[in-house]
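>>> Sharing a model prediction with you, sequence too.
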Amino acid sequence: MIDKHTSTDRLHSSDDPLIREAADFVQPHGRRLPGWKLLGWIGQRLSRWFGPYTALILFTSIGLGIMLGCVAIAEEIYESLDNPRDGITALDRPILHWMQELRTPALNRAVTVFTNLGDIVGMTVIALIITGILTIVYRRRTPLLLMLITALGSVAFTVLGKNLIGRPRPAHADAVPPYEGGFSFPSGHSLNSLALYGMIAYLVLILIRQWWLKILIVLGCLTFAACMGLSRIYLGQHWTTDVLTAWLVAIAWIIVVITGHRIFLAVAAARSRRQPGADGHAAG
């Protein structure tokens, strides 16, 4: 049996920075992470046929395909719930009317400024800044890889959902200007903010050691995403079901990407342990 320290040393000596990071998950604090044993078992079996990159791409591609299929199925579900008096969409108009009662000129301006942070430009800038900080401070490229995968999937779900379902937004009479164009379902602001900030929360959990700082940042990320979704309902730019569906899709996609990353690490570690004469490389 190969010594774990030897395996860890080989991972650390790899020329591939993403493979070097797998060493952290071979060490004791990495093995205590939730689900490590199960994913380690999966990684050992996948490593017989695939390298870590192939395993990551394969898993996330399959997950992306399945979820895009679920978005297509959501069109059929939406059609069956489109009667405003039936199903979950019955929540939309009462909640919108309740939000209208809360509106004041000052609050409208504040919420509009905040919701603009969730548009394409705002989310891109914020995500790049945070990802850049994590990459530079911790000298790792994993944040770049995972944020890219997360963003691509999130945009794909948003574009497909809007064009496939084509649900109209609330009427301008019920919304706060400036009014937005395009379709309503799902809420792109809600989906993208939760997906990206959820991934930031995951990166913080595996990179930062101080628990109080982990809790503080994770709560901040979740609060930001929740407030972004609520702002869309408050301003009358989206229906409640647009936001709820976006959150569900974002959570599912985060789970897929995180699991794919853990499989990537497990495959890299398994290959290193099985190849005592290797130089640390784990081809993908």
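Great, that's in hand. Residues are numbered from 1 along each chain as shown.

>>> Residue 104: neighbouring residues, count only.
Counted by other Cβ atoms under 10 Å, the residues lying close to residue 104 total 8. The way it works is simple: take the backbone N, C-alpha and C, and place the C-beta from them, glycine included.

>>> can you tell me how far residue 241 sits from residue 107?
To residue 107, residue 241 is 23 Å away according to Cβ to Cβ, to the nearest Å.

>>> more neighbours, those two?
Applying other Cβ under 10 Å to residue 241 and residue 107 shows that residue 241 carries more neighbours, namely 23 against 12.

>>> Which secondary structure element is home to the more buried one?
Assessed by DSSP states H and E, residue 241 sits inside helix 240-274.

>>> now residue 214
Using DSSP H and E, residue 214 maps to helix 211-234.

>>> any idea of the angle that helix forms with helix 240-274?
On the basis of axes from the mean of the first three to the mean of the last three Cα atoms, to 10 degrees, helix 211-234 is oriented at 150 degrees to helix 240-274.

>>> Dump the C-alpha coordinates for helix 211-234 into CSV.
Taking C-alpha atoms only, helix 211-234 is exported to CSV below (Å, rounded to 0.1, in the frame of the first residue of the first chain):
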residue,chain,number,x,y,z
TRP,A,211,-14.5,29.3,11.0
TRP,A,212,-15.9,32.7,12.1
LEU,A,213,-14.7,34.2,8.8
LYS,A,214,-16.2,31.3,6.9
ILE,A,215,-19.6,31.8,8.6
LEU,A,216,-19.5,35.5,8.1
ILE,A,217,-18.7,35.4,4.4
VAL,A,218,-21.1,32.5,3.6
LEU,A,219,-24.0,34.3,5.4
GLY,A,220,-23.1,37.4,3.4
CYS,A,221,-23.2,35.6,0.1
LEU,A,222,-26.5,33.9,0.8
THR,A,223,-28.0,37.2,2.1
PHE,A,224,-26.9,39.0,-1.0
ALA,A,225,-28.4,36.4,-3.3
ALA,A,226,-31.7,36.3,-1.3
CYS,A,227,-32.0,40.1,-1.3
MET,A,228,-31.3,40.1,-5.1
GLY,A,229,-34.2,37.8,-5.7
LEU,A,230,-36.6,39.7,-3.4
SER,A,231,-35.6,43.0,-5.1
ARG,A,232,-36.8,41.6,-8.4
ILE,A,233,-40.2,40.9,-7.0
TYR,A,234,-40.4,44.2,-5.1
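
>>> got the buried residues for that helix?
By neighbour count on 16 or more other Cβ atoms under 10 Å, the buried set for helix 211-234 is 214, 217-218, 221, 224-234.

>>> was I right about residue 103 contacting residue 176?
Yes - Residue 103 lies in contact with residue 176 (Cβ atoms under 8 Å); the separation is 6.9 Å.

>>> higher neighbour count, the two?
Taking neighbours as other Cβ under 10 Å, residue 103 and residue 176 compare with residue 176 leading, 20 against 14.

>>> contacting residues around the more buried one?
Counting by Cβ atoms under 8 Å, 6 or more residues apart in numbering, residue 176 touches 103, 108, 111, 112, 234, 235, 236, 237.

>>> what's the distance between residue 57 and residue 185?
Between residue 57 and residue 185 the distance is 29 Å, computed by Cβ to Cβ.

>>> So which of those two has more stuff around it?
Neighbours were counted for residue 57 and for residue 185 using other Cβ under 10 Å; residue 185 has more, 25 against 16.

>>> Just the element for the more buried one, please.
Per DSSP H and E: nothing holds residue 185, as it lies in no helix or strand.

>>> Quick check, pLDDT for it.
Here, the pLDDT recorded for residue 185 equals 80.

>>> do the same with residue 180
Listed pLDDT for residue 180 reads 83.

>>> thought it was touching residue 170?
No - using Cβ under 8 Å, residue 180 makes no contact with residue 170, being 10.4 Å away.

>>> Nearest residue to the middle of the protein?
residue 195 (3.0 Å; Cα atoms, centre = their mean).

>>> State the distance from that one to residue 259.
Distance, residue 195 to residue 259, using Cβ to Cβ: 15 Å.

>>> what does residue 110 give?
Between residue 110 and residue 259 the computed distance is 38 Å (Cβ to Cβ).

>>> So between these two, which is more surrounded?
Under the criterion of other Cβ under 10 Å, the comparison of residue 110 against residue 259 puts residue 259 first, with 17 against 12.

>>> got the contact list for the more buried one?
If you count contacts by Cβ under 8 Å, 6+ apart, residue 259 has them with 39, 59, 63.
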